[in-house]
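Engineer: Sequence plus the predicted model coming up.
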Amino acid sequence: MAEYWIEDIERIIDDLDCTPEQKLKGAVSLLSDEAYQWWLTVKEGNQPEQLSWEYFKIVFEGKYVGASYVNAHRRKFLNLTQRDKSVAEYVAEFLRLSSYAQGIVATEYERYVCFKDGLKDNLRVLIAPQRERDFAALVDKTKIIEEMKCAEHQNRKRGRSKRELEPSSFI
C-alpha cells in the first residue's frame, strides 16, 4: 500500500540521517514501472527548485493515497475512542490515525487532550486530576493504571474463588 511505502521510506532515510535532497533521491530511486514514469512527468512539469522531499510526499500521497482515503482516516481519528481496546492498542491506533489529522493535533497539548478524551471513562476519571500535560507521560500513566486495575480485578476474582472453595460452616 502506498501509504505504508512512503512511511517505510521516510523511517529508513530518517534513520540514515539523510538530507532532504538525499531523501528525495533515495525515494525516487526506489520507484518502479508506472510510479517512476509518473515521477518523470511530475519532474518535467516543475522547476528543479520545487522538487523537494516535502513536495514529493505531497504529490505522491495525492496520486497514490488519495484525498478520500486521507479524509476517511481523518474521520476515523476524530471518532476514535478506546472502547474495548487495551491502552497499548488504543495508543497504536491513535498514533497511526493522528498522521491524518496533523492540523487537529499539531501540538503536544492537543494530542494529550484528544487522547485523554478518547479513553474509557474509568481510566479518564483517574487521569483527569493530573496536572501534567505531556502526551508520553499520559500514555505511561494510563498504561500503569490499566495494569493496576487488571491486577485488582484478578485479585478480587481469586478472592471469590477461594471463598467458593472453602467449606461452609453451617451445621
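Structural biologist: Yep, it's here.
Engineer: contacting residues for Trp38?
Structural biologist: The contact partners of Trp38, by CB atoms under 8 Å, 6 or more residues apart in numbering, come to Leu31, Lys63. The way it works is simple: take the backbone N, C-alpha and C, and place the C-beta from them, glycine included.
Engineer: Tell me which helix or strand it sits in.
Structural biologist: Of the helices and strands defined by DSSP states H and E, Trp38 is found in helix 33-44.
Engineer: how about that helix: buried residues?
Structural biologist: With burial defined by 16 or more other CB atoms under 10 Å, the residues of helix 33-44 counted as buried are Trp39, Val42.
Engineer: how far is it from where the chain is centred?
Structural biologist: Mean C-alpha position of helix 33-44 versus that of the full chain (CA atoms, centre = their mean, to the nearest Å) differs by 30 Å.
Engineer: next SSE after it?
Structural biologist: helix 53-60.
Engineer: now for that next one, which elements pack on it?
Structural biologist: helix 2-15, helix 20-30 (3 or more CB pairs under 8 Å, 6 or more residues apart in numbering; DSSP states H and E).
Engineer: now the ones you listed in JSON lines, with mean pLDDT?
Structural biologist: Formatted as JSON lines, these follow (pLDDT from 0 to 100):
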{"stretch": "helix 2-15", "mean pLDDT": "87"}
{"stretch": "helix 20-30", "mean pLDDT": "93"}
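Engineer: closest to Lys43 out of the ones you listed?
Structural biologist: When the helices and strands packed on helix 53-60 are compared for distance to Lys43 using CB to CB, the nearest one is helix 20-30, at 8.5 Å.
Engineer: quick one: contacts of that closest one?
Structural biologist: By CB under 8 Å, 6+ apart, the surrounding residues in contact with helix 20-30 are 6, 9-10, 12-13, 16, 18, 36, 39, 51-54, 56, 60.
Engineer: Counting by contacts, list what the biggest helix by length in the chain packs against.
Structural biologist: When secondary structure is assigned using DSSP state H, the longest helix within the chain turns out to be helix 135-165. Judged by 3+ CB pairs under 8 Å, 6+ apart, helix 135-165 is in contact with helix 87-98, helix 108-118, helix 121-127.
Engineer: picking up where we left off before, how far off helix 20-30 does the helix holding Trp38 point, in degrees?
Structural biologist: For the pair helix 33-44 and helix 20-30, the angle between their directions (axes from the mean of the first three to the mean of the last three CA atoms, to 10 degrees) equals 140 degrees.
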